[in-house]
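Novice: 3D, please:
(2 chains)
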Amino acid sequence: MSFAQERELEAPAVSAPLTAASFRPRATPIAVIAKFCRRKPLGAAGLVIILALTAIGALAPALERYHPEDAIQVENPNYDPTSFEPEALAPTILNLKGDPSSTNWLGTDDSGRDVWSRLVWGARRSMGVGVGALLIATTVGTLLGVASAYFGGWFDTSLQRVLDAIQAFPPLLLLILIASNPFPTPEPSLTNLIFALGFIGITQVSRIVRGTVLVTRELPYVEAARVIGANDARTMGIHILPNVAAPIIVIFTIGLATVIIAEASLSFLALAPPGASWGEMLSNGRQSISTTPWIAIFSGMAITLAVLGFNLAGDALRDVLDPRLRA
Amino acid sequence: MRNYIIARILLNIPVILLVMTLVFVVTRIGSDYAEKTAAGGVTGSGSFEEAVEQIRRQIGTDKPTFFVSCELDESLCSWHWDNQYKNFMFDIFQGDFGDSLVTRRTVWDEIKARLPASIELGILEVMVAITVAVPIGIISAIRQDTMPDYVLRIFAILGQAIPSFYLGVLFLLAASNWFGWIPPLTATDYQEIWEDPRANLQQMLLPALAGGLAIGAGIMRLLRSQLLEVLRQDYVRTAWSKGLRERTVVMRHVVKNGLIPVITVVGLLLAGLFSGNIVLESLFGIPGIGALSVIAMRQTDQPLIYGIVIVSAVGLVFINLLVDIAYAMIDPRIRYG
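Specialist: Numbers count the residues shown, from 1 in each chain, chains lettered A, B, ... in the order given. Predicted coordinates for the structure are as follows:
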C-alpha cells in the first residue's frame, strides 16, 4: 500500500461537515456568505448562476430586444418595384432562421422571432413556474408533514397511504394528467401547470418534513413546552417548525432543478401552455437543427445551466445546513 | 420469509385500490372539458351536443358519479348501485379498460402493442448506465482527490444537469454532422428487435445512450460516496494490513458492500419500465408507452389515458414488490421492514 493511500484512509470521512452551529451566532451575514464561498466554491458558483437567472427573469422586459412573439421584418434584398417576380414584390420580408447579427444577437427562429428575447423570457417562465410550484409544495407539504408526524395515529397512517399511492404514479405522466385538468383555471394554463407541479412536490416535501418532525417531537425541550402548558398550535409553530427550516431550504433549491426540467420536458412535448419557453425552443430548434443548430444548443444550454446552478447550490446548502439529508 | 412476502403483498392492496381511486378522481375532475374536446374531434353526423352525449355514454359518464348523491335543495340523499366509480373499479378488475375513443381498438390492445419497445429501451438505458457508472464510480472513489477523480466528477455533475432530451438532440446533431449518419426517427421506421435487430438497435442506440448517461451520472455519484464510506471501515483496513493486493481489497471487500444502494436505485429504475420514457420515446420516434401517452393526451382520449396510468402505476407497485422480496432474500439483515 502506497503512502498516499495510507494517508487517504486516515482522512476524515468526506470533508468535515459544516453544521449550522459551526457558524458563529453573531457572525454578520457578509461573514457567513464569505465563509460559505470559501468552504463551498462550487455551491457559491451555483448561487451566482441562480442570482443571474433570477435577475434575467425579473428584468426580462428590459433585456428583450424585441417582443418574444413578434416576427422580425427585414429589408427584402430582392426588392425591385419594377419587377413582377414573386420574391421581389414586398419591400420587407420575415427574417426566418436569420443568422446572429448586431440586431438579433442569437439570430431568429423558424418563425422569424428573436432568439435572444425568447431565451430571456424563457428564463422568466422557468423561474416563475419553479418558484411558484415550490412555494405551493413547501407550504402545503410542511403543513401536512408537521401535522402528520405530530398527531400520528389514523391521520398519519391514512395520509401516508395516500402519499404511497401518489408516488406510485410515473411523475411526468401524473404531471401531464393533472396539468390538463381545468383547475384552478377552466382551460389548461400556466397556473394549472404550477399547481400540478406543486401538488406532486407536496408528497416529497411532506415525507422529509415528517421525518424531521418525528425526531424533533421526542426531544426534551418539546416535552418541556408541553409541560408548561403550550397548546398544540404553539408547540408546533414555535418549537417544532423552526427545525424544519433547514431541510425546507435544501428541498426548495434542489426541487427547483427538478421542476425546471419537468417544465422544459412538458414544453418540449408541446403539452405545456404556449409562450416563450426553453423546452419549446429546444423542440423547435431541433426541427431546424441542420440550418440553425444554435437555437437548440443555446436553449438546451440555458436549461442545463439553470439545473446545474440549483444542483450545485442545493448540494452545498445540504452539506452546510443539514448533512442528514445526504441520500 | 413466507410471512414477509404475504405481508408485503397485503400491504400493497390498499395502495393499488387508492391508485385506481386517484385515477378516477383526477380523470373525473377534468372529464367535462375532456369530453367536449374529444367530441370536437369526432367527425360524424349530428350536432356537437349529440357527440358529447355519445362520448358520455361510451365512457359511462352519463351515470351518477358515486354511490351516494345528494340534492342541495331537497337535502335528500339517494343511493345508486350503477355508478361511475363502481363500474370503473369493476371493469378494471376484470381487465376491461374500455375502448380508445380515437382508434376504437381496446385500450389493453393498444398498451400491449407498445409495452415491448418501452421495456427494451428501459433495460438498454439501465445497461448503459451501469456499464458507465460502476467503473467510473470505483476509479473516482479509490483515486479520491486526484486529477481523474476531479475530471470524472465534473462529468457526473454535468451529466446530472443536462436533461436527457437535450443530450439526445446533441447526439443527433453530432451523428449527422460528424458521422453523416441519421438514425431512423419515426414510429413507422421502427422494427421489433426480434424481426430486425440491426434496424431496431440503430433506432434505440441514441436514446439508450442519452437516457443511460443521465441515469449513470446519478448512480456514479451515489456509488462514489458509498465507496468512500466503505473505504474507511475497519474491515477494509484489516484487509489492507493482511497484505492483500489492492485489486482484491477493492473488488472483494469494498465494491461488494458499496454496490448495495446502487442495486436499490436500479430496482427503482426497473420499476419505471411499464411507464416508458415519455420524452425520449417522443424525440426518437419509438412507439412505446411514453409516446402513446403523449398521443393520448393530445387527443384527450380518456379511456386510453387512464388505462396507461393504471398499467404503469400498478406495474410500478408490482415491480417494487418484487424488488423488496428479492432484497429480503439477498440481504439477511432486512426482515419484515
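Novice: going forward, measure contacts between C-alpha atoms and count neighbours the same way
Specialist: Noted.
Novice: Phi and psi next, for the one residue sitting closest to the centre of chain A.
Specialist: The centroid of chain A falls nearest to A:Leu256 when counting by C-alpha atoms, centre = their mean (2.3 Å). Per-residue torsions, A:Leu256: phi -60, psi -40 (degrees, to the nearest 10).
Novice: how about the residue positioned nearest the centre of chain B, secondary structure?
Specialist: Nearest to the mean C-alpha position of chain B, by C-alpha atoms, centre = their mean, lies B:Gly272 at 2.4 Å. Secondary structure for B:Gly272, judged by DSSP: H, G, I helix; E, B strand; the rest coil, is helix.
Novice: Equivalent analysis for B:Ser78, please.
Specialist: Classification of B:Ser78 using three-state DSSP returns strand.
Novice: which residues sit in contact with it?
Specialist: Taking C-alpha atoms under 8 Å, 6 or more residues apart in numbering or on different chains as the criterion, B:Ser78 is in contact with B:Val68, B:Ser69, B:Cys70.
Novice: Is it bridged to anything, and to what?
Specialist: Counting by DSSP bridges, B:Ser78 is bridged to B:Ser69.
Novice: That one and B:Asn87: what is the separation?
Specialist: 18 Å (C-alpha to C-alpha, to the nearest Å).
Novice: do the same with B:Val52
Specialist: From B:Val52 to B:Asn87 the distance is 20 Å (C-alpha to C-alpha).
Novice: the more surrounded of these two?
Specialist: Between B:Val52 and B:Asn87, counted using other C-alpha atoms under 10 Å in any protein chain shown, the more crowded position is B:Val52 (20 against 16).
Novice: next SSE after the worst-scoring helix or strand of chain B on mean pLDDT?
Specialist: When the helices and strands of chain B are scored by mean pLDDT, DSSP states H and E, helix B:31-41 comes last with a mean of 67. Next helix or strand after helix B:31-41 toward the C-terminus (DSSP states H and E): helix B:48-59.
Novice: how about that next one: buried residues?
Specialist: When neighbours are counted by 16 or more other C-alpha atoms under 10 Å in any protein chain shown, the buried residues of helix B:48-59 are found to be B:Ala51, B:Val52, B:Glu53, B:Ile55, B:Arg56, B:Ile59.
Novice: Could you do stretch A:178-189 as well?
Specialist: A:Ile178, A:Ala179, A:Ser180, A:Asn181, A:Pro182, A:Phe183, A:Pro188, A:Ser189.
Novice: Chain B next: which of those are close?
Specialist: Among the buried residues of stretch A:178-189, proximity to chain B is found for A:Ile178, A:Ser180, A:Asn181, A:Pro182 (C-alpha under 8 Å from any C-alpha of the partner chain).
Novice: Dump the residues you listed into JSON lines; add pLDDT as well.
Specialist: Below are these laid out as JSON lines (pLDDT from 0 to 100):
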{"residue": "A:Ile178", "pLDDT": "82"}
{"residue": "A:Ser180", "pLDDT": "76"}
{"residue": "A:Asn181", "pLDDT": "73"}
{"residue": "A:Pro182", "pLDDT": "71"}
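Novice: ok so, going back, ok, the contacts of B:Ser78 vs A:Ile93, which is closest?
Specialist: Distance to A:Ile93 across these (C-alpha to C-alpha) is lowest for B:Ser69, with 61.5 Å.
Novice: Count the neighbours of that closest one for me.
Specialist: B:Ser69 has 14 neighbouring residues, counting by other C-alpha under 10 Å.
Novice: And stretch B:295-313, how far out from the chain middle?
Specialist: Centre-to-centre, stretch B:295-313 and its host chain are 14 Å apart (C-alpha atoms, centre = their mean, to the nearest Å).
Novice: ok, now stretch A:95-102?
Specialist: 31 Å.
Novice: Show me what counts as buried in that stretch.
Specialist: A:Asn95, A:Leu96, A:Lys97, A:Gly98, A:Asp99, A:Pro100.
Novice: which residue packs closest to the last one, ignoring adjacent ones?
Specialist: Nearest-residue entry for A:Pro100: A:Gly107, 3.8 Å, with adjacent residues in sequence omitted and distances by C-alpha to C-alpha, 6 or more residues apart in numbering or on different chains.
Novice: show me the residues around A:Ser206 that make contact.
Specialist: Applying C-alpha under 8 Å, 6+ apart, we find A:Ser206 in contact with A:Thr138, A:Val140, A:Gly141, A:Thr142, A:Leu143, A:Leu144, A:Gly145, A:Val146.
Novice: let's see it at 6 Å
Specialist: Shown in contact with A:Ser206 (C-alpha atoms under 6 Å, 6 or more residues apart in numbering or on different chains): A:Gly141, A:Thr142, A:Leu144, A:Gly145.
Novice: Mind checking what helix or strand follows the strand or helix carrying it in sequence?
Specialist: Using DSSP H and E, A:Ser206 sits within helix A:190-217. As assigned by DSSP H and E, the chain's next helix or strand after helix A:190-217 is helix A:220-227.
Novice: Helix A:190-217 and that next one, what's the angle between them?
Specialist: Compare the direction of helix A:220-227 with that of helix A:190-217 by axes from the mean of the first three to the mean of the last three C-alpha atoms, to 10 degrees and you get 90 degrees.
Novice: mind listing the strands for the chain?
Specialist: You didn't say which chain, so I picked chain A. Ranges of strands in chain A, per DSSP state E, are A:73-75, A:92-94.
Novice: wrong one, chain B
Specialist: Under DSSP E, chain B gives strands at B:68-71, B:76-79.
Novice: who in chain B is up against chain A?
Specialist: For chain B, the contact set with chain A under C-alpha under 6 Å from any C-alpha of the partner chain comprises B:Val15, B:Leu18, B:Val19, B:Gly30, B:Ala161, B:Ile162, B:Tyr166, B:Arg232, B:Ala313.
Novice: residues in contact with the last one?
Specialist: Going by C-alpha under 6 Å, 6+ apart, B:Ala313 touches A:Ala168, A:Phe169.
Novice: quick one: low-confidence ranges for chain B?
Specialist: B:30-34, B:36-46, B:71-75, B:331-337 (pLDDT under 70).
Novice: picking that back up, show me which pair in the residues of chain B next to chain A is furthest apart.
Specialist: Spanning the widest gap among these are B:Gly30 and B:Arg232, at 54.8 Å by C-alpha to C-alpha.
Novice: Next to chain B, which bits of the stretch 51-200 of chain A? Give me the list.
Specialist: The stretch 51-200 of chain A comes close to chain B at residues A:Ala165, A:Ala168, A:Phe169, A:Asn181, A:Pro182, as judged by C-alpha under 6 Å from any C-alpha.
Novice: Quick check: the two most widely separated of the residues you listed?
Specialist: Top of the distance list for those (C-alpha to C-alpha): A:Ala168 and A:Pro182, 23.0 Å.
Novice: hang on, A:Ser148 packs against A:Ser158?
Specialist: No: A:Ser148 is not in contact with A:Ser158 according to C-alpha atoms under 6 Å; the separation is 9.5 Å.
Novice: on that earlier part again, how about the strands of chain A in JSON lines, adding mean pLDDT and distance to B:Phe24?
Specialist: As requested, the strands of chain A are exported to JSON lines (pLDDT from 0 to 100; distance: least, C-alpha to C-alpha, whole Å):
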{"stretch": "strand A:73-75", "mean pLDDT": "76", "distance to B:Phe24": "50"}
{"stretch": "strand A:92-94", "mean pLDDT": "76", "distance to B:Phe24": "48"}
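Novice: Please convert those strands to JSON lines, extending it with distance to B:Leu228 and mean neighbour count.
Specialist: Converted to JSON lines, those look like this (distance: least, C-alpha to C-alpha, whole Å; neighbours: other C-alpha atoms under 10 Å in any protein chain shown):
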{"stretch": "strand A:73-75", "distance to B:Leu228": "59", "mean neighbour count": "13"}
{"stretch": "strand A:92-94", "distance to B:Leu228": "58", "mean neighbour count": "17"}
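Novice: could you dump these to a markdown table with distance to A:Leu59?
Specialist: Converted to a markdown table, these look like this (distance: least, C-alpha to C-alpha, whole Å):
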| stretch | distance to A:Leu59 |
| --- | --- |
| strand A:73-75 | 25 |
| strand A:92-94 | 27 |
